[in-house]
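Undergrad: Can you look at this prediction? I've put the sequence above it.
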Amino acid sequence: MGLTWTSWALPGLLTGLTAWTEAIVVARTAPERSLNRRLTVLLFLEGCASTLGAVSFLVEDPGTFRLVVSVSLAMLATLPFQYPAFLAVAVESPLVRPFRSRRAYGLLALGSAGSAVWLVASPDTFMGALYSPGWATWNYHFAPAGERLAQVVGLASLLGLAAALDGYRRSRTGTAARSRAKWFAIAFGIRDAYTGLTFLLYPVLRPIPVWGDFMYNSAWQLALFFYVVLLAYGVLRWQLFDLDLKLKIALKRSTVGAVFGIAFFTGSYVLDRILPVNGALLGFLVSAAIVLVLRPVQRFAEGLADRLMGGVRDTPEYLHARKHQVYRAALEGAVADGVISERERSILRRLQQELGISEGEAARAERDVRAAARRPPR
């Protein structure tokens, strides 16, 4: 199977690998939670759709191209079923209440599997004739059935956006559910506003020369990339007490590292052009120049991180507060229906031990959460 590189595949590969990585992290963080399990499935399927869609741009053989695209579309066809399954446990909204029962989840799983099998078994029903776009060896337009599939995905996306916004509006101020709903609304706002509008208008927008290719390939993958990052953050922020601290440290290091790399290669190129020196001396001169500028860059990175995440500090007080926030978030989820089951109680005890929260602090937090749950939302 011959492959030809095109930069148009890069957004899809980036999005797919990011989604798969986050799926692993989400699954390992709290595998006992249905929220994490369903988000893992969603991220995995979206990663498959993105990665295979990107790989199809590299394929030279038309038969292999059709096979890769058919599997990518099969993953895409599962999403209108998997979104409601995830939303049912992720947000408090009557829009997704019909999907919360076991029966509904079973029907969604059956529909997801059936649509994937249909796409793989009869890809020509959904794919039109192949053409060469110039920026890749092969591409395609949807057949009429494929256009209907795109519009169903668009409708599911708008449902996700509406449910996320409604869940944020209904959540109690100051709770973990409120913060999580805010990040869901931002994530679904980026992805689903774009996907909903462009996929519903696929028959109108897709035929536009050049821009049609861009809107439904690179631009859509970039929207997906920001969506999967923000969605996973919205979940993990209330399950990992030091997530924000790690992100702040990573922001500082990545800024310095990026400047270092750019300065090294740019400096090497410039000095190589203006100074007739050998490789060893060139490397020494570049390194000396970087040492002079790296300290101001580090101060800039620290200032940037402090401005973006000013409340995040590597102090015992901050970590103590975050541990209690994570435990309180787990309590809020457990008492949502008014009763803490034995299984939920066991999970809370294990979390309490892992976070180092005393029995008295845990009892006080549970009293506060129960009292807050009895108060009517404003």
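TA: Great, that's in hand. Residues are numbered from 1 along each chain as shown.
Undergrad: what ranges of the stretch 51-200 of the chain fall below the confidence cut-off?
TA: Counting by pLDDT under 70, the stretch 51-200 of the chain shows low-confidence ranges at 174-177.
Undergrad: Mind doing that once more with 50?
TA: Residues of the stretch 51-200 of the chain meeting the criterion pLDDT under 50: none.
Undergrad: Do a quick rundown of the helices in it.
TA: 62-90, 102-121, 144-170, 176-200 (DSSP state H, counting those that start in this stretch).
Undergrad: what residues does stretch 114-124 touch?
TA: 66, 69-71, 73-75, 77-78, 80-81, 125-126, 143 (CB atoms under 8 Å, 6 or more residues apart in numbering). Every residue, glycine included, has its C-beta placed from N, CA and C.
Undergrad: hmm, which of the residues you listed are the buried ones?
TA: 66, 69-71, 73-75, 77-78, 80-81, 126, 143 (16 or more other CB atoms under 10 Å).
Undergrad: of all those residues, which two lie farthest apart?
TA: Arg66 and Phe81 (24.0 Å; CB to CB).
Undergrad: Okay, the residue nearest to Leu224 when sequence neighbours are not counted and Arg328: tell me how far apart.
TA: Take Leu224 and drop its neighbours on the chain: the residue closest to it by CB to CB, 6 or more residues apart in numbering is Thr15, 4.8 Å away. Distance of Thr15 to Arg328, given as CB to CB, to the nearest Å: 33 Å.
Undergrad: just to revisit the earlier point, between the helices of the stretch 51-200 of the chain, which one is closest to Gly47.
TA: helix 62-90 (8.6 Å).
Undergrad: by contact count, what packs against the closest one?
TA: helix 34-56, helix 102-121, strand 127-131, helix 144-170 (3 or more CB pairs under 8 Å, 6 or more residues apart in numbering; DSSP states H and E).
Undergrad: re earlier: okay, the buried ones among the contacts of stretch 114-124 in CSV with distance to Ala163 next?
TA: CSV is the format used below for the buried ones among the contacts of stretch 114-124 (distance: CB to CB, whole Å):
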residue, distance to Ala163
Arg66, 35
Val69, 30
Ser70, 30
Val71, 29
Leu73, 25
Ala74, 25
Met75, 22
Ala77, 20
Thr78, 18
Pro80, 14
Phe81, 15
Phe126, 27
Ala143, 30
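Undergrad: that older thread, which residues touch the residue nearest to Leu224?
TA: 46-47, 50-51, 221-222, 224-225, 228.
Undergrad: For Thr4, state which of the residues you listed is nearest.
TA: Thr51 (17.2 Å).
Undergrad: My read is that the closest one contacts Pro11, right?
TA: No - with contact defined as CB atoms under 8 Å, Thr51 does not reach Pro11; the gap is 11.1 Å.
Undergrad: Leaving out the residues flanking it, which one is nearest to Ala136?
TA: In space, Ala136 is closest to Phe57, 4.1 Å off (CB to CB, 6+ apart).
Undergrad: Verify the contact between that neighbour and Gly134 for me.
TA: No - look at Phe57 against Gly134 with CB under 8 Å: they stay out of range, at 11.7 Å.
Undergrad: who's more crowded, these two?
TA: Between Phe57 and Gly134, Phe57 has the larger neighbour count (other CB atoms under 10 Å), namely 27 against 10.
Undergrad: Show the contacting residues for the more buried one.
TA: Phe57 neighbours (CB under 8 Å, 6+ apart): 6, 8-9, 12, 135-139, 217.
Undergrad: Now, of those, which are buried?
TA: Buried among those by 16+ other CB under 10 Å: 8-9, 12, 135-139, 217.
Undergrad: Out of the residues you listed, which sit inside strands?
TA: Secondary structure defined by DSSP state E assigns Asn139 of those to strands.
Undergrad: Among the buried ones among the contacts of Phe57, which one sits closest to Arg349?
TA: Of the buried ones among the contacts of Phe57, the one sitting nearest to Arg349 (CB to CB) turns out to be Gly12, at 43.2 Å.
Undergrad: Identify the residue nearest the closest one in space, chain neighbours excluded?
TA: In space, Gly12 is closest to Ala54, 2.8 Å off (CB to CB, 6+ apart).
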